[in-house]
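Novice: have a look at this prediction, sequence included:
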Amino acid sequence: SQQGEEDPQALSIQEGENATMNCSYKTSINNLQWYRQNSGRGLVHLILIRSNEREKHSGRLRVTLDTSKKSSSLLITASRAADTASYFCATDSGGSNYKLTFGKGTLLTVNP
Amino acid sequence: DTAVSQTPKYLVTQMGNDKSIKCEQNLGHDTMYWYKQDSKKFLKIMFSYNNKELIINETVPNRFSPKSPDKAHLNLHINSLELGDSAVYFCASSPRSGANVLTFGAGSRLTVL
């Protein structure tokens, strides 16, 4: 069953602006990750945040996690045209039958 | 030097045919996965294998049969193809079952006519 729901489904901004994407999930998680998918390509891992963490940074990316609200946000600062892609959150519950469950994704368009 | 490679990248075939998609990873990972991405970009896990052993079979029809001859390869064979099988199929790998980060292949776009 689908775990994550990204919001918004699509986002269009100008270069230099910040982009914020949100993800909500339904069940308890072990970790939450964000992936990027360029058109016609595979997914690329961006950042992982553990359930006991609240915020994490990586370059221009900032991820927050609120386990009480079962939600996460991905902020991309000073966006570039090259950031145009679909962004997916993915959750896992740990355990031996490990699997990542993905949301529907947010399509981000950064206009030059 | 591609880490996770899938072939073919594109596959167009008729309903009822049987087809295979191959996947190889050169990362030394123990665990491999097949995901299906539909036309709305929803990504759903199909199978996972850990060191050639089936770990997850996510209620996929019997027409789909994965095969892992060794831990570096996970192939997907589909019998009696149906229109609804049209999708992009992604292979992925991770260092071990329970490890967190997946490395994905570029995808294989299957179109069933």
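Specialist: Perfect, I can see it now.

Novice: near chain B, which residues of chain A are found?
Specialist: Residues of chain A found near chain B (CB under 8 Å from any CB of the partner chain) are A:2, A:31, A:33, A:35, A:37, A:40-45, A:48, A:86, A:88, A:92, A:94-102, A:104-105. The C-beta positions use only the backbone N, C-alpha and C, and glycine is treated the same way.

Novice: okay, now the unreliable bits of the chain?
Specialist: If you meant another chain, say so; for now it's chain A. Per-residue confidence for chain A (pLDDT under 70) gives these ranges: A:1-4, A:96-97.

Novice: that's the other chain; I wanted chain B
Specialist: Where chain B drops to pLDDT under 70, the residues are B:1, B:97-99.

Novice: if we use 80, what do you get?
Specialist: B:1-2, B:59, B:96-100 (pLDDT under 80).

Novice: report the closest residue of it relative to chain A.
Specialist: residue B:104 (3.6 Å; CB to the nearest CB).

Novice: secondary structure class for the residue sitting nearest the centre point of chain B?
Specialist: Residue closest to the average C-alpha location in chain B (CA atoms, centre = their mean): residue B:34, at 3.2 Å. Here residue B:34 is strand, with the state taken from DSSP: H, G, I helix; E, B strand; the rest coil.

Novice: hang on, it packs against residue B:78?
Specialist: No - counting by CB atoms under 8 Å, residue B:34 sits too far from residue B:78 to count as a contact (10.6 Å).

Novice: near chain A, which residues of chain B?
Specialist: Neighbours of chain A within chain B, by CB under 8 Å from any CB: B:4, B:31, B:33, B:35, B:40-45, B:48, B:55-56, B:58, B:90, B:92, B:94, B:97-107.

Novice: on that earlier part again, separation between the residue of chain B closest to chain A and residue B:49?
Specialist: For residue B:104, the distance to residue B:49 (CB to CB, to the nearest Å) stands at 15 Å.

Novice: thinking again about what came up before, quick one: the residue nearest to the centre of chain B from residue B:90, how far?
Specialist: 7 Å.

Novice: for residue A:79, same thing?
Specialist: Using CB to CB, residue A:79 is found at 26 Å from residue B:90.

Novice: when these two are compared, which one has more neighbours?
Specialist: The neighbour count for residue A:79 versus residue B:90, taken as other CB atoms under 10 Å in any protein chain shown, is higher for residue B:90 (26 against 21).

Novice: pretty sure that one is touching residue B:103, no?
Specialist: No - Residue B:90 is beyond contact range of residue B:103, at 10.7 Å (criterion: CB under 8 Å).

Novice: and residue A:98, that one's in a strand?
Specialist: No - under three-state DSSP, residue A:98 sits outside any strand and is assigned coil.

Novice: excluding chain neighbours, what is closest to residue A:76?
Specialist: Residue nearest to residue A:76 in three dimensions, not counting chain neighbours: residue A:19, with 4.5 Å by CB to CB, 6 or more residues apart in numbering or on different chains.

Novice: quick one, what contacts the closest residue to chain B within chain A?
Specialist: Here chain A gets closest to chain B at one residue, residue A:42, 3.6 Å apart by CB to the nearest CB. Contact analysis of residue A:42 by CB atoms under 8 Å, 6 or more residues apart in numbering or on different chains lists B:4, B:90, B:92, B:104-107.
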